[in-house]
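# show me how the following folds:
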Amino acid sequence: AGQVVLGIGGDAAEAITVDLAAGIRMVVAGPPRSGRTTLLRSVLAQVHGPDVVVAAPARSALRHDAETAGIPVLSPADTVPIGFADGFRRAIALIDDVDHLGDDLLTEQLLGLVRAAVPALTVILAGRSDELATTYRGLGAELRRNRCGLLLQPGPVDGDILGVRLPRRREQQPPGRGVLVGEPGWGQAFADGRPIPIQVARP
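I've put the predicted structure just below:
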């Protein structure tokens, strides 16, 4: 209960899980078609309950999955549902293509929740690696400060997004392949603080 599988990884090629009770804050960065939306869809398929919201543009498959499942889908003109992330229950916000959100009320509300360190709140945000690397304000920049996340098909400089060092040469990698950087509170797999090679699971 509370565990979500992100993919297969590590030296033993085992399932890599995170404990949502810890309140996960992470970015998912990568080039187009690298598996960013796939990761979010996989997480969405594993979570249930009233305190789950999705923010995604119309073209995102994550938005379609959420609408099919009856999960609230938020657009830039919307506001966070009343009672969401009140600190008493686990709450999850999945955000695809963060650049579709601007300087709107929804962004301000989500920023407020992240900065307030609301207990048991998980926020997973996906965006292009080149855009997240040069973003210094907004949700993407705020979550980058945690230095936790998933770098998909990363190039040598993409490690700067999370403050880790990557090989100097870009290697050809299949979609969904990358490096996961977490913190000990996420679970046993992250106890030593080292980046974990991972293959994202399909939903």
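
# every contact and neighbour count from this point should use C-alpha atoms.
OK.

# so where is this structure shaky, pLDDT-wise?
Low-confidence segments of the chain (pLDDT under 70): 1, 169-171, 203.

# residue contacts, Ser34?
By C-alpha atoms under 8 Å, 6 or more residues apart in numbering, the residues touching Ser34 are Leu152, Gln153, Pro174, Pro175, Gly176, Arg177.

# excluding chain neighbours, what is closest to it?
Pro175 (4.5 Å; C-alpha to C-alpha, 6 or more residues apart in numbering).

# that neighbour reaches Thr38, doesn't it?
No - using C-alpha atoms under 8 Å, Pro175 is not in contact with Thr38, being 9.4 Å away.

# picking that back up, please report the distance of the residue nearest to Ser34 from Arg36.
To Arg36, Pro175 is 9 Å away according to C-alpha to C-alpha, to the nearest Å.

# before we move on, what about Ala93?
Applying C-alpha to C-alpha to Ala93 and Arg36 gives a distance of 15 Å.

# does Ala93 belong to a helix, a strand or coil?
strand (DSSP: H, G, I helix; E, B strand; the rest coil).

# and it, what does it touch?
Val52, Val53, Val54, Ala55, Leu121, Thr122, Val123, Ile124.

# right, and the secondary structure at the residue nearest to Ser34 would be what?
coil.

# and the spatially most central residue of the chain, what is it in contact with?
When C-alpha atoms, centre = their mean is applied to the chain, the residue found nearest the centroid is Ile124 (2.6 Å). Counting by C-alpha under 8 Å, 6+ apart, Ile124 touches Ile24, Arg25, Met26, Val27, Val28, Leu40, Ala93, Leu94, Ile95.
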